[in-house]
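Trainee: Model the structure of this input:
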Amino acid sequence: MNLPMPYRGRGPDGGTAINTAVRDRHGGLLVTTGQVLRRVTASTERTPLVHLTPTSRTRRRSLLGAAAALCATLLPGTQAQAADNPYERGPAPTVASIEASRGSYAVSQTSVSSLAVTGFGGGTIYYPTSTADGTFGAVAISPGFTAYESSIAWLGPRLASQGFVVFTIDTNSIYDQPDSRGDQLLAALDYLTQRSTVRGRIDSTRLGVMGHSMGGGGTLEAAKTRPSLQAAIPLTGWNTDKTWPELRTPTMVIGADGDTVASVSSHSEPFYQSLPASLDKAYLELNNANHFTPNSSNTTIAKYSISWLKRFIDNDTRYEQFLCPLPRPSLTIEEYRGNCPHTS
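Mentor: Numbers count the residues shown, from 1 in each chain. This next block holds a predicted model:
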């Protein structure tokens, strides 16, 4: 079976949405309507897809052209799915692709000195090397209390290789509190989009924030201050403010079942529970993990962070399949909560 031709619209009887037409190995045309794969035969002569029996090569090409024309008639302007969403980047995702240590993009990096910036402590920018796909969304990531950029550096190439510009930063002081770290995340995004050497590669309307520990608390602070952000992911976050009903940014809260520094009962769970019911949100509690699990490469963190950033920064619904239905408890997931389907 070959030559798939996806489209959608009303069926010939006015009541069935046609999704896909493909040719089978006998030369007939198969049409998917809803969940049913049906063969179009001579008995359907009232439709434009008629008399699809094996014929000459010319006749077959003619039928394929007619089917394509019908697609365009049923849904004017129908092109590839990417045409409907200009922010899609990279090939169709699979479990293997989002769990891989690197995505489809080759990655370059550049260091930013603290002496060259104001409002934060410098850092490293990771970005897709190729410019063939246009601009990308961007993410700034903050380390936690007493920690340096190196503690969250693994996320840089991991996320950038999936099609993001990623800025892992140092803070002005390793003792900065969450509200300051939130301001520094925003300062880093402003530098990234306005003054950095890669600013031309970034779509400044598609931005997100992440952070570990107090950097996670800063992630919530940044989303509160700048509701135009498209995604926020606090990693085993810490903050004295436990309630965030004012957030308007789709937020995935990631906690760890064995966290004794920012226990989920005192931090991640209250953060999540206080988010508005109408907000696209998720709570992922890592199994057999602790407060410092986000400081080293972790497939579960990467998998769901990539899916969340893709879904909300890129509006790429191809990643919805990894978030809805809600993931079930497993060897790496203690608990997962959220609202499905997502509406943003």
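Trainee: When you work out contacts or count neighbours from here on, use the C-alpha atoms and nothing else.
Mentor: Fine.
Trainee: Now for residue 279, how many residues are close by?
Mentor: Residue 279 has 18 neighbours, counted by other CA atoms under 10 Å.
Trainee: tell me which helix or strand of this protein sits lowest on mean pLDDT?
Mentor: Taking mean pLDDT, DSSP states H and E as the measure, the chain has strand 36-40 as its least confident helix or strand, at a mean of 32.
Trainee: what residue ranges in the chain score low on pLDDT?
Mentor: When residues are selected by pLDDT under 70, those of the chain lie in 1-83.
Trainee: try it again with 50
Mentor: Residue ranges of the chain with pLDDT under 50: 1-82.
Trainee: So for it, the centremost residue is which one?
Mentor: residue 310 (1.4 Å; CA atoms, centre = their mean).
Trainee: and the residue lying closest to that one once chain neighbours are set aside, what does it touch?
Mentor: Spatially, and ignoring its direct neighbours in sequence, residue 310 is nearest to residue 316 (5.6 Å; CA to CA, 6 or more residues apart in numbering). Applying CA atoms under 8 Å, 6 or more residues apart in numbering to residue 316 gives the contacts 85, 87-88, 310.
Trainee: Now with 10 Å, please.
Mentor: 82, 85-89, 92, 307-310 (CA atoms under 10 Å, 6 or more residues apart in numbering).
Trainee: next one: residue 306
Mentor: 98-99, 158-160, 162-164, 300, 319, 322.
Trainee: Check the spacing between it and residue 264 real quick.
Mentor: In this view, residue 306 and residue 264 are 22 Å apart by CA to CA, to the nearest Å.
Trainee: ditto for residue 116
Mentor: Distance from residue 116 to residue 264, counting by CA to CA: 38 Å.
Trainee: Looking at these two, which is more packed in?
Mentor: Neighbour count, other CA under 10 Å: between residue 116 and residue 264, residue 264 has more, with 23 against 8.
Trainee: and the nearest residue in space to that one that is not next to it in sequence, what are its bridge partners?
Mentor: Closest residue in space to residue 264, ignoring its immediate chain neighbours: residue 255 at 5.9 Å, by CA to CA, 6+ apart. Judged by DSSP bridges, the bridge partners of residue 255 are residue 285.
Trainee: can you tell me which residues contact residue 255?
Mentor: Going by CA under 10 Å, 6+ apart, the list of residues near residue 255 reads 213, 234-237, 262-265, 267-269, 283-287, 289-291, 293-294, 334-335.
Trainee: let's see 6 Å
Mentor: 236, 264, 268, 285 (CA atoms under 6 Å, 6 or more residues apart in numbering).
Trainee: So which of those wins on neighbours?
Mentor: Among the contacts of residue 255, the one with the most neighbours (other CA under 10 Å) is residue 236, at 32 neighbours.
Trainee: which residues are in contact with the longest strand anywhere in the chain?
Mentor: Looking across the chain with DSSP state E, the single longest strand is strand 202-212. With CA under 6 Å, 6+ apart as the test, strand 202-212 has contacts from 135-144, 193, 219, 229-235, 237, 313.
Trainee: No more questions from me, cheers.
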